[in-house]
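> sharing a model prediction with you, sequence too.
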Amino acid sequence: MKEEFLEIKDLKKSFGTGEARQEVLRGMNFTVKKGEFCVLLGPSGSGKSTLLNIIGGIDTPDEGYVCINGDKLEEMNERELTIYRRKHLGYVFQMYNLIPNLNVKENIEVGAYLSDKPLDVEEVLTTLGLQDHKYKYPNQLSGGQQQRVSIGRAVVKNPDILMCDEPTGALDYKTSKEILALIEDCNKKFGSTVIMVTHNEAIKYMADHVIKLRDGVVRHNDLNEKKIPAADLEW
Amino acid sequence: MKRVKNPLIRRIPREIKTEWHKYLVIIVFMVVMIGVISGMYVGHDSMLAAVYGGRDELNLEDGSFELAEIAPDEMLKDIETGKKADVREYFLTKGYEEADRKVAEALDEKLKENVTAAIETKVREQCAAFGMIDEKAIGEQVQKALKENLETALAETRKSEEFKEAEEKAYKEAHEAVVKKVDEEWDKNASKYGLKDEIKVIPAFIYENFYRNETEDFDNDGIADAKVRIFKSDSEIDKASFNKGRAPQNDSEIAVDRMHASNVGIELGDTVTVGGKRFEVVGLLSYVNYLTLHESNTDLMFDAFGFDVAMVTPEAFEKLTARVHYNYAFKYVTAPENKPEQADHAENFLKTLIIQSLIHENEIRDFLPEYLRQASNFAVSDIEGDSAGAAILCYILIGVIAFIFAVTISNTIDREASVIGTLRASGYSKREMVIHYMSMPVVVTILGAVIGNVLGYTVFKDVAVDLYYESYSLPTCHPVWSDTALIKTTVIPLVLMFCINLLVIVRKLQLSPLRFLRHDLTKSKRTKARRLPKWSFFRRFRLRILFQNMPNYAILVFGVIFIELMMCFAFGLPDSLDHYAKEAPNMMFAEYQYILMGNKDDEDRDIKTSEKTAEAFGAKELVYPKKESSFRSGMGSGGTESVTVYGISENSAYVTLGEKKDGAYVSSAFAKKFGLKDGDTITLNAEYENKSYTFRIAGRVEYEGGIAVFTDMENFNRTFEKEEGEFSGYFSRNEITDIDKRYIATVITKDDILKVTNQLNHSMGGIIGVFRYALIVLTAALIYLLAKIIIERNEQAISMVKILGFGNGEIGSLYIVPTAVMVVLSAAVGFVAGYILMVWIFHIFMLQMDGYFAFYMTRSSMVLSVVYLLIGYAFVSLLDLIRIRHIPLDVALKNVE
């Protein structure tokens, strides 16, 4: 039985003031277990990216808290939050945000540098199928390859949680499946807890835990008993 | 496990490689600037080190004196030991001896006369008794009697009481006359030279340093071209350093001053005729006591064309025919520690010298302590105060570069917002990001500083040293380590660069990772789009571009102000010098200013002239402490300003004082330089004495030519404890011809003022020339960087309009026209702001120098300083067009979220 690793409690967040005030998160509660592949599913504006940013310590809730491994983020100051992100998190965004004048290997080393327990960069390159491209610069790669590098940069840190914000949002069907398979591999191979934000319903089938959001609240919180490999997903 | 090195470091060399043209401009710029300024400091310090080192190495005197006759060893020994002597007693003894001799002679003569007469009378009486009447026979009897009895009679008479009484009386009277005469003379000299006071013993070493003033005919055409002062090659004092060649070794060889040689075109191996004899030039030298060729210490300006100093062998010296000047140099056994002590030593030494010259019956022709010697102090004083302007310029320029860097980095941060957001979200700390973005300016500054310093110590040092060599006859110098250069050209620029960039980068990276990820980088809230008039689409588009780029144009305006400031410096400094040179003669309140050695002639009568326009005045040189704390810290250009206090005759035709009697009126230049107002109190100090004089300012005299204070003669004499009727010289409209030249210390005419300004132009002209070119290069580089920033920031938009189908020409007109309009507008604004700033900076610059002249720019320079900028921009906009043409279409499609 996996232990509970992440706890979200009564989380509320709103933007704007007065009439323009918009409640994005309206009291959200759920937990995620260590090593789980968790998908946050929901349409645009459902608050999933905001939730991910709060879990990632780059945004703060108005009410409620996020507790990771027993530590409440709201009790951390900016420096502690930076250390928290440095030690425990890996981030993958829809846009790859690679450093243009560093090659593939060096972009991955950017992540390795931050970690006390980094994975072997060469092994990560092999896992991500980037060995042949490791000396190329980002502008010499396709979108899918760039996203692999971005995953590599996050995974090489050997993070406790891998945060993925619409990682396939800018990719075609085939490449998207490849990327999802990679994240799945990393989850299995390196044991990181994965929290992935997506609006793609099909992706929920590869997850251990599916949380559906709408209008800032959790509509469904289901464990997936029959998950299927990413390679078999169809949409 | 081995920790991975921060891969971000690798971005630095790659960034430099990709943006090499930008960094090349910045580095070249820094190298040139740091190099030139470091070179100036190193040259300056090396030159001073060579001069100061040379003083010991070449055994510079502490002073010298010239005697009418060659001094015997005993006299020199007495001067060296500072032997005390009672001059009055000496002259009394001497007078008594003389008087005694004269009295004895007179007594002898009188006695002989009386005794002879007595014998003759007696013989005649006896002859008459015997009835002898033959005069011839009587004469024979008299002669016979004299022969037989004179000596005995004289001896007997001497024994008589009567004679003894007479003798005593005669000696007494004679001695009294001697005492009276000696006392009269002694009183006169003693009070003149202060010989009655206690004289301190100042032991010194005396060196023979004879010279002859010969004629020099360097083109051997039989006509004398210059005057040359010849010294012997075996002198142990005031030696020379050889810039080229060697010392003469036989009596047909000569070594001449290098500055004079360079000015008149003498080279090694040339033959020159000196005193009618031919010599081969075997060396070009610089005498430690003739760094500037002042023939006489009272010369206002040196003359390296008409005067030369040279060295020949002692044998050759003997063969020359001009009068030998018995010049002796002295060095104190214990060197004085400060200026008042220098003055004190010199004063006491002079007293000893006067006493010994009196006792040894020699005459002092000249006496000059080293600290007052123009020929060895003029250049040093000038070099010492030469570096103020460079530092100010250096800091302005570093500020500009730091500012450009900050803007460039700020743009890079905007462009890399997503990456920064990702890195921050991944755990990079703010500190790490700041360090990363700080590395580039620090690396570039260090690179520029290192290369600049290397060039400064090698190439540019020589440029600076050559500039000094062009002005003065200085010894050979070797580069010395200059702390000032390191601090001012490396440490301060690094600190400036560091602080300015740190401030901008820290401020920029203050935002949260999320805001970076969202590209939400502006602090202000988005404003609504302005409504524009119904103009053509293109005009409105341009206007929109103008509005959108306002922050960038603000930077441009700021940059252009800097450029115009530098332009004002480049054009204004030579203009100001020229203007001063042109105006200086008009500023003189009298066509001739005769400064006399004293107001009495040898017979103690007032020195008078029949010149009708002549008007007596008093003058006293004092110093004004620029800062109270730095008083006495340096000569001239250091912590003090030289001030001439003039005593003006009543109803003066030359200087009009206000109505306030006893009031002190400052020259307008003095008031402007130090911001003095009526009613202020100023304290002036004597440079070589511990005396201070306080004046309350009653008004101002419009005189731009110097730092001066004017007061009426009566007040002047009272203040400086002078006797009534005492004066220092004459103002005159015409030349005064009836005053003996030996009573005149200096004459200041228009020509002298011009000489000074021309020399100033000559000394500074070279440096300004170098700066002007460096500044024009800088201007081009700056405008290039500023324009590049605007195009870079609009790259995405340009790419997008390209995709939409706009042609390169149309895009050029859209983006370049608004920038051009802004450049023209900001050039005008920048010029006004730059000019005002320059006037202020120039004032600060002048505060560090001696004297004063205001900043001035001719109209053509004003126009040129704007036109140069516009021409520079025209070239840059051509480059911009090329740059726009090269912006690829996919820029707009990258990183669009």
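Happy to help now that I have it.
> can you count the residues close to the nearest residue to A:Ile161 once chain neighbours are set aside?
What sits nearest to A:Ile161 in space, not counting adjacent residues and going by CB to CB, 6 or more residues apart in numbering or on different chains, is A:Thr193, at 4.7 Å. For every residue, glycine as well, the C-beta is placed using N, CA and C. Neighbour count of A:Thr193, defined by other CB atoms under 10 Å in any protein chain shown: 24.
> was I right about A:Thr193 contacting A:Glu4?
No. Because the distance of 10.8 Å does not satisfy CB atoms under 8 Å, A:Thr193 is recorded as not touching A:Glu4.
> what do the two both touch?
Both A:Thr193 and A:Glu4 are contacted by A:Val32, A:Lys33, A:Lys34, under the criterion CB atoms under 8 Å, 6 or more residues apart in numbering or on different chains.
> for those residues, pick the one with the most neighbours.
If you rank the shared contacts of A:Thr193 and A:Glu4 by neighbour count (other CB under 10 Å), A:Val32 sits at the top with 24 neighbours.
> nearest spatial neighbour of it, skipping sequence neighbours?
What sits nearest to A:Val32 in space, not counting adjacent residues and going by CB to CB, 6+ apart, is A:Leu6, at 4.1 Å.
> which SS class is the one you found?
The three-state label given to A:Leu6 by DSSP: H, G, I helix; E, B strand; the rest coil is strand.
> that one against A:Asp160, yeah?
No. At 9.3 Å, A:Leu6 does not count as touching A:Asp160 under the criterion of CB under 8 Å.
> shared neighbours of these two, which are they?
Shared contacts of A:Leu6 and A:Asp160 (CB under 8 Å, 6+ apart): A:Ile68, A:Thr193.
> ok so, going back, quick one: contacts for the residue nearest to A:Ile161?
The contact partners of A:Thr193, taken as CB under 8 Å, 6+ apart, are A:5-6, A:32-38, A:160-162, A:187.
> for those residues, which one is nearest B:Asp62?
B:Asp62 lies nearest to A:Asp160 out of these, by CB to CB, at 83.1 Å.
> so what's the residue count around the closest one?
19.
> distance check, it against chain B.
Per CB to the nearest CB, to the nearest Å, A:Asp160 is found 12 Å from chain B.
> which residues touch the residue nearest to A:Val32?
Taking CB under 8 Å, 6+ apart as the test, what A:Leu6 contacts is A:Thr31, A:Val32, A:Ile55, A:Val66, A:Cys67, A:Ile68, A:Ile161, A:Thr193, A:Ile195.
> if we use 10 Å, what do you get?
A:Leu6 makes contacts with A:30-34, A:36, A:38, A:55, A:66-69, A:160-161, A:193, A:195, as judged by CB atoms under 10 Å, 6 or more residues apart in numbering or on different chains.
> three-state assignment of B:Tyr326?
Quick answer, by three-state DSSP: B:Tyr326 is strand.
> what of the one 3 residues further on?
Look at B:Ala329: counting by three-state DSSP, its state is strand.
> what sits against B:Val709?
B:620, B:622, B:624, B:643-647, B:664-667, B:670, B:682, B:684, B:693, B:695, B:697, B:701, B:716.
> picking up where we left off before, out of the contacts of A:Leu6, list just those in strands.
Among the contacts of A:Leu6, the residues falling in strands (DSSP state E) are A:Phe30, A:Thr31, A:Val32, A:Lys33, A:Cys38, A:Val66, A:Cys67, A:Ile68, A:Ile161, A:Thr193, A:Ile195.
> most neighbours, which of those?
Busiest of these [other CB under 10 Å] is A:Ile195, holding 26 neighbours.
> wait, it touches A:Cys164, no?
Yes. A:Ile195 lies in contact with A:Cys164 (CB atoms under 10 Å); the separation is 7.1 Å.
> which neighbours do these two have in common?
Residues within reach of A:Ile195 and of A:Cys164 at once, by CB under 10 Å, 6+ apart, are A:Val39, A:Leu40, A:Leu52.
> filter the residues you listed down to the buried ones.
Neighbour-count burial (16 or more other CB atoms under 10 Å in any protein chain shown) applied to those gives A:Val39, A:Leu40, A:Leu52.
> for those residues, which one is nearest B:Ala128?
Closest approach between these and B:Ala128, by CB to CB: A:Leu52, at 167.0 Å.
> not counting its neighbours along the chain, what's nearest the closest one?
Here the residue nearest A:Leu52, using CB to CB, 6+ apart, is A:Val197, at 4.9 Å.
> can you count the residues close to that neighbour?
Residues near A:Val197, counting by other CB under 10 Å, number 25.
> shouldn't it be in contact with A:Pro43?
No. Using CB under 10 Å, A:Val197 is not in contact with A:Pro43; the gap is 11.8 Å.
> overlap in contacts of those two?
Common neighbours of A:Val197 and A:Pro43 (CB under 10 Å, 6+ apart) are A:Leu213.
> what helix or strand is A:Met163 on?
strand A:161-165 (DSSP states H and E).
> show me what that strand packs onto, helices and strands only.
Counting contacts by 3 or more CB pairs under 10 Å, 6 or more residues apart in numbering or on different chains; DSSP states H and E, strand A:161-165 is packed against strand A:37-41, helix A:48-55, helix A:78-88, strand A:89-92, helix A:143-155, helix A:173-190, strand A:193-198, helix B:417-426.
> ok, the residue of chain B found nearest chain A - contacts?
Among the residues of chain B, B:Gly427 lies closest to chain A, at 2.7 Å counting by CB to the nearest CB. Applying CB under 10 Å, 6+ apart to B:Gly427 gives the contacts A:57, A:81-91, A:111, A:113-115, A:157, A:159, B:513.
> again, 6 Å this time
A:Arg85, A:Arg86, A:Leu114 (CB atoms under 6 Å, 6 or more residues apart in numbering or on different chains).
> per-residue pLDDT, the last one?
This means A:Leu114. Among the per-residue scores, A:Leu114 holds a pLDDT of 90.
> so what's the most centrally placed residue in chain A up against?
Nearest to the geometric centre of chain A sits A:Met163, at 1.7 Å (CA atoms, centre = their mean). Neighbouring residues of A:Met163 by CB under 6 Å, 6+ apart: A:Leu52, A:Gly56, A:Leu89, A:Tyr91, A:Ile195.
> what's the answer for B:Trp186, then?
With contact set as CB under 6 Å, 6+ apart, B:Trp186 has these partners: B:Arg88.
> now with 10 Å?
Applying CB under 10 Å, 6+ apart to B:Trp186 gives the contacts B:Val87, B:Arg88, B:Glu89, B:Phe91, B:Leu92, B:Leu195, B:Lys196, B:Leu358.
> buried residues of the helix or strand where it lies, list them for me.
Assigned by DSSP H and E, B:Trp186 falls within helix B:161-193. Using 16+ other CB under 10 Å as the test for burial, helix B:161-193 gives B:Phe163, B:Ala170, B:Tyr171, B:Ala174, B:His175, B:Val178, B:Val179, B:Val182, B:Trp186, B:Asn189, B:Ala190, B:Tyr193.
> one more: stretch B:867-886?
B:Tyr868, B:Leu869, B:Gly872, B:Tyr873, B:Val876, B:Ser877, B:Asp880, B:Leu881, B:Arg883, B:Ile884.
> re earlier: out of the contacts of B:Val709, which end up buried?
B:620, B:622, B:624, B:643, B:645-647, B:664-667, B:670, B:682, B:684, B:693, B:695, B:697, B:701, B:716.
> which one of the residues in chain A is closest to chain B?
With CB to the nearest CB as the measure, A:Arg86 is the residue of chain A nearest to chain B, at 2.7 Å.
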